[in-house]
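Novice: how does the following fold in three dimensions:
(chains A and B)
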Amino acid sequence: MKTITLYLMRFALTVTILTILFRYFLSYGIENLSGIIITLSAGIYGILTFVAGWYFGRKDGEYLPIFDVGFRFHLTTFLIHNGISLLWIGFGFGSKSENLNAPIMGAIIWSVFLLIHFIFYLWARRNSIHNLNKEDIFE
Amino acid sequence: MKNEDNLNELLLSWENTYKKGQLTLWIFMALQESRKYVDEIKSFIEKKSNGTISCEEQSLYRALRKYEHINVLTFELKEGNKGPERKYYSLTNLGQELFKQFVNRNIKLFYSEEIKNILKLNDQ
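Specialist: Residues are numbered from 1 along each chain as shown, chains lettered A, B, ... in the order given. So this is what the prediction gives:
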């Protein structure tokens, strides 16, 4: 079953680039104790990730209307963001005051929301055949 | 004249509603006849429906992708007369069975004598 689509892959690539840039500026901001850089990098990263999800999600739906209530895009963002964050600090790219506790705590809190989203996804699947909404299959 | 305008308006409104949901049936009929590529499916639908069903290529591609995803049709890449390879679509066994059962349940009833008489098809 096709759930890893071209537009999901493009979204994943975009989020990977955005997350690396975000991690760089965040660590730079923390290192230099610059609240402006930290706030701006987080804000811009959040907005751009949302815009990318909205754009590629819409394109993805036009290509094949997979009925997952956005779960695939959320899971992709979760894996990329937390994966890169853990590797970034794990490999010592973070500032001196950063340690693994922050990204681990972030991932744990986020996973609660991801789990809630997963429950909605399972609920949506009851109304789908091969991941397509029963109402949307035939024209 | 006013009555005729009214009739035409009502007819168009009914037809617009009626045609929603017809595309799948026409696609299946096109592929039941023989395997086809997109342009052939499109011209089959337009020709056999006497132009009453028109389908945009984008809607057709989207529908075909969905039907391929749910395994009711498949395609084979074959070289066209000129230019790039074409996707020749055909119904899978599941698609054939689905089409057969849909026709049995929803189309065949129009061919009973009783319904044909009501529709006055025998008079024509």
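Novice: C-alpha from now on. contacts and neighbour counts both.
Specialist: Will do.
Novice: next one, pLDDT for residue A:1 please.
Specialist: Note for residue A:1: predicted pLDDT of 55.
Novice: kindly apply the preceding question to residue B:12 instead.
Specialist: 88.
Novice: what helix or strand is it on?
Specialist: Secondary structure from DSSP states H and E places residue B:12 in helix B:2-19.
Novice: which neighbouring elements make contact with the helix or strand just after that helix?
Specialist: Using DSSP H and E, the helix or strand that follows helix B:2-19 towards the C-terminus is helix B:23-33. Where contact means 3 or more Cα pairs under 8 Å, 6 or more residues apart in numbering or on different chains; DSSP states H and E, helix B:23-33 is packed against helix B:38-48, strand B:85-91.
Novice: ok now helix B:23-33, how far from the chain's centre?
Specialist: 5 Å (Cα atoms, centre = their mean, to the nearest Å).
Novice: likewise stretch B:32-50?
Specialist: 8 Å.
Novice: do the same with stretch A:73-91
Specialist: On Cα atoms, centre = their mean, the centre of stretch A:73-91 falls 8 Å from the chain's centre.
Novice: what lies in contact with it?
Specialist: A:8, A:11-12, A:15-16, A:19-20, A:23, A:53, A:57, A:94, A:98-100, A:103-104, A:107, A:110, A:114 (Cα atoms under 8 Å, 6 or more residues apart in numbering or on different chains).
Novice: may I have the helix holding residue B:12 as CSV, with CA atoms only?
Specialist: C-alpha atoms of helix B:2-19 as CSV (Å, rounded to 0.1, in the frame of the first residue of the first chain):
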residue,chain,number,x,y,z
LYS,B,2,-41.0,30.4,-20.9
ASN,B,3,-42.2,26.9,-20.2
GLU,B,4,-39.4,25.5,-22.5
ASP,B,5,-36.8,27.6,-20.7
ASN,B,6,-38.1,26.4,-17.4
LEU,B,7,-38.0,22.8,-18.6
ASN,B,8,-34.4,23.2,-19.9
GLU,B,9,-33.3,24.7,-16.7
LEU,B,10,-34.8,21.9,-14.7
LEU,B,11,-33.4,19.3,-17.0
LEU,B,12,-29.9,20.8,-16.7
SER,B,13,-30.2,20.9,-13.0
TRP,B,14,-31.3,17.3,-12.7
GLU,B,15,-28.6,16.1,-15.2
ASN,B,16,-25.9,17.9,-13.2
THR,B,17,-26.9,16.0,-10.1
TYR,B,18,-27.4,12.7,-12.0
LYS,B,19,-23.9,12.9,-13.7
